[in-house]
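Enquirer: test case, fold it:
(chains A, B and C)
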Amino acid sequence: MKALLVRDLMLAIRAGGGFGLGLSFFLIVTVLVPFGVGPQTELLSRIAPGILWIGALLACLLSLDRILALDWEDGSLDLLATAPLPMEGIVSIKALAHWITTGLPLVLAAPVLGVLLSLPIPAYQWVVISLAVGTPALSVIGTFGAALTVGIKRGGLLMSLLVLPLYVPTLIFGAEVARRGAEGLTVQAPLLLLAGISFGVIALLPFASAAVLRINLR
Amino acid sequence: MSFWEYANPVKFIRTTDKVLPWVWALTGISLVTGLVWGFFFTPDDFRQGSTVKIIYIHVPSALMAINAWLMMLVASLIWIVRRHHVSALAARAAAPVGAVMTLIALATGAFWGQPMWGTWWAWDPRLTSFLILFLFYLGYMALWEAIENDDTAADLTSILCLVGSVFAILSRYAVNFWNQGLHQGATLSLDKEENISDVFWFPLLVCIAGFVLLFIALVFLRTQTEIRARRTRALLAREGQA
Amino acid sequence: MKLSVRDLAVTRGGLAILEGVSFDLAPGEALVLRGPNGIGKTTLLRSVAGLQPPETGSVTGAEDQIAYAAHSDGLKAMLSVTENLRFWASVFGLSEIDAALVAFDLTSLRNRMAGTLSAGQKRRLGLARLVVTGRPIWVLDEPTVSLDVASVALFAEAVRGHLKSGGSALMATHIDLGLTEARVLDLTPFRAKPRTRQMDEAFL
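Expert: Below you'll find the predicted structure:
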């Protein structure tokens, strides 16, 4: 299990793209939004929490097909399936590796990009906290989508179609935490719900992902 | 004589062939009765005028949009537990019908909303939930189409349907929560069933019955088609092998 | 641990292709599967390895005993030879890789990135993976693809050593490895007859 995580992280570092891809996409979205909606500070600071969340979500989505497709193509998945690791463990580790290479950098980059969008001062901590709590759910749900479409050629678009509606609750609660934080309101309710979703999918969804992956491997 | 005997494709086709004409006839009767009654023999609403009459299409299609997904969920569970091919194919057959029902509900809602609220679209919780439901239908159908092996596709779509159902319920709560946060209270509620009067209620019931029957007829028909298509593939494969 | 396959039937793409396949593989034995292309060797091996549930029949003694090597080697181009082997060793709970490097003459290549190896060298690395798993039953699908004569001899030697130490090997291959002790099982008689065991028989 640990070996798999170490290998995935090593590959992400060496092959490039792993850490950089999501981050640069996040940067592009945040930089482009002001060009699209105009430079007014009050408008930007009002939409900043939502933009940061959408940017993070899309950056996450962009890198999902790397979670399993590469291992599928070179036969590693077949070999891992015959190894003494439970499939549930494999998909969980894959999701964790995806979160470390994509989700975590996004959490760390969000405050920096918040500056570009004139994010209100009280919002910084809540944007970071909501992303830290919510992005693991994005990785785990994304792994389920990746497992569903792993055997399909050019499955990337299909995977986005399958994953997007599954992302809605996470996005709503995550962005709500950030927005309420920015307005100085209490964030307890959406934050608890967001954490509930994260814990729920981390605990349960790997079973579905593993079942789906087993079906796809046979 | 067990219910599961209908899981045999041949038996299913034979039985539904006998039942289908009656279902079609009843569908026609109840839809015509309900719609004519509703459109021409009910008074205009004192506030909404004749626009209110779109309710006779809008509410039944919205109901069926949700019930179709529920039926797919049940059929998927039956496929996972008992591995009856007809069950998986019935779920596949119901998906486009449900998607179209969702579209009808959304479109009639827009036609209704335009004169009433002055807008075609608002991010009201119900509207948003239906949009998300539509996305679920699209993803489900796309996954069926994308996979070549029929049994693999049935397995994967069943699990997607199960997981999707959980997330659909989550989305429903999330959307309610989200819009409440924006609007403080549902100003655009479509929930008219509380204050609807009997004059509107009875033709509406007939219309709902008509839509249920229409759904059953379409799913029977489409399941038959799926079974025959599957059978054609099986026969062709056997030819190729021999 | 003896591997027993009893009355196995396998399907590919919803079609029955093999049926009634039975054999035993005791420690120290090697069994070579033969048969024309498309007969179902790969599918049979995947069933034995537990990747694909058999249509009927049973495979016993395979649980957590099998090291499977398919057409693709599961190598990562951006990892070195040792890193690739270390990874697979630790997945199987081991760490020793030197013996495998020696057996497949990879010692001089140990620090090269797997992506820079030739096809034959990659194949050797893929086979070296079998040694580091420490599993007793090797299930090999066309193990000698892209190997030259010398490498085939290396491979045969590795198999022989594996058999001597109490392991066993089940392989699908067309070329003669010079393994005189290996039994041969021709799959042609087990070709599924049309009409029987159709996965879609309910629709016919």
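Enquirer: the residue most central in space within chain C bridge partners, please.
Expert: With distances taken as C-alpha atoms, centre = their mean, C:Leu140 lies nearest the centre of chain C, 1.5 Å away. C:Leu140 has these beta-bridge partners by DSSP bridges: C:Ala69, C:Met171.
Enquirer: show the pLDDT at it.
Expert: In this model, C:Leu140 is scored at 88, pLDDT.
Enquirer: same question, C:Ala150
Expert: 85.
Enquirer: the residue in chain C that chain A sits nearest to sits in which helix or strand?
Expert: Ranking the residues of chain C by distance to chain A (C-beta to the nearest C-beta) places C:Ser72 first, at 3.1 Å. Any C-beta I mention is one placed from the backbone N, CA and C, and that applies to glycine too. According to DSSP states H and E, C:Ser72 maps onto no helix or strand at all.
Enquirer: can you tell me the helix or strand for the residue nearest to A:Ala56 when sequence neighbours are not counted?
Expert: Distances taken as C-beta to C-beta, 6 or more residues apart in numbering or on different chains put A:Leu106 closest to A:Ala56, at 4.6 Å, once the chain neighbours are dropped. Here A:Leu106 sits within helix A:104-116, counting by DSSP H and E.
Enquirer: chain center to that helix, what's the gap?
Expert: Remark: helix A:104-116 is offset 14 Å from the chain centroid, using C-alpha atoms, centre = their mean, to the nearest Å.
Enquirer: can you name every helix or strand that it contacts?
Expert: Counting contacts by 3 or more C-beta pairs under 8 Å, 6 or more residues apart in numbering or on different chains; DSSP states H and E, helix A:104-116 is packed against helix A:18-37, helix A:41-62, helix A:123-148.
Enquirer: over that helix, what's the mean pLDDT, rounded is fine.
Expert: 91.
Enquirer: now do stretch A:207-218
Expert: Mean per-residue pLDDT for stretch A:207-218: 92.
Enquirer: which residues touch the closest residue to chain C within chain A?
Expert: Closest to chain C within chain A is A:Gly75: 3.1 Å, counting by C-beta to the nearest C-beta. Contacts for A:Gly75 were tallied using C-beta atoms under 8 Å, 6 or more residues apart in numbering or on different chains; they are C:Ala70, C:His71, C:Ser72, C:Asp73, C:Gly74.
Enquirer: what about residue 172, neighbour count?
Expert: Unless you meant another one, I'm taking chain A. Using other C-beta atoms under 10 Å in any protein chain shown, A:Ile172 has 26 other residues around it.
Enquirer: was after chain C, sorry
Expert: Neighbours of C:Ala172 (other C-beta under 10 Å): 22.
Enquirer: again with A:Glu73
Expert: 11.
Enquirer: the closest residue to B:Thr33 other than its chain neighbours: which element?
Expert: Leaving aside its sequence neighbours, B:Thr33 sits nearest to B:Val206 (C-beta to C-beta, 6+ apart; 5.5 Å). Assigned by DSSP H and E, B:Val206 belongs to helix B:198-241.
Enquirer: which residues does B:Val23 contact?
Expert: Listed by C-beta under 8 Å, 6+ apart, the contact set of B:Val23 reads B:Leu213, B:Ile216, B:Ala217, B:Phe220.
Enquirer: how far away is the nearest residue to A:Gly156 once chain neighbours are set aside from chain B?
Expert: Of all residues not flanking A:Gly156 in the chain, A:Asp65 sits nearest, at 4.9 Å (C-beta to C-beta, 6+ apart). Separation of A:Asp65 from chain B (C-beta to the nearest C-beta, to the nearest Å) stands at 14 Å.
Enquirer: you'd agree A:Asp65 is up against A:Ala146?
Expert: Yes: contact criterion C-beta atoms under 8 Å: A:Asp65 and A:Ala146 qualify, at 6.2 Å.
Enquirer: which residues are in contact with both of those two?
Expert: A:Met159.
Enquirer: contacting residues for B:Met43?
Expert: Not quite, residue B:43 is Pro, not Met. For B:Pro43, the contacting residues are B:Val199, by C-beta under 8 Å, 6+ apart.
Enquirer: quick one: it and chain A, what's the gap?
Expert: 40 Å.
Enquirer: which pLDDT does the model give that residue?
Expert: B:Pro43 is assigned 76 on the pLDDT scale.
Enquirer: and for A:Gly16?
Expert: 64.
Enquirer: residue most distant from the centroid, chain A?
Expert: A:Gln40 (29.4 Å).
Enquirer: one step back: mind putting the contacts of B:Val23 in TSV, neighbour count and pLDDT included?
Expert: Output for the contacts of B:Val23, formatted as TSV (neighbours: other C-beta atoms under 10 Å in any protein chain shown; pLDDT from 0 to 100):
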residue	neighbour count	pLDDT
B:Leu213	20	94
B:Ile216	20	94
B:Ala217	22	95
B:Phe220	21	93
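Enquirer: what is the nearest of those to chain C?
Expert: In terms of C-beta to the nearest C-beta, no member of those lies closer to chain C than B:Phe220, at 17.2 Å.
Enquirer: name the nearest residue to the closest one, sequence neighbours excluded.
Expert: B:Thr16 (4.5 Å).
Enquirer: pretty sure that neighbour sits against B:Ile227.
Expert: No: at 9.6 Å, B:Thr16 does not count as touching B:Ile227 under the criterion of C-beta under 8 Å.
Enquirer: where does pLDDT dip in chain C?
Expert: Within chain C, the segments meeting pLDDT under 70 span C:194-204.
Enquirer: up against chain C, what does chain A have?
Expert: For chain A, the contact set with chain C under C-beta under 8 Å from any C-beta of the partner chain comprises A:2-4, A:7, A:10-11, A:14-15, A:71, A:73-76, A:78-85, A:217-218.
Enquirer: which residues does residue 65 contact?
Expert: Using chain A here. So A:Asp65 contacts A:Ala146, A:Thr149, A:Gly155, A:Gly156, A:Met159 (C-beta under 8 Å, 6+ apart).
Enquirer: correction: the question concerned chain C.
Expert: C:Met1, C:Leu3, C:Arg135, C:Pro136, C:Ile137.
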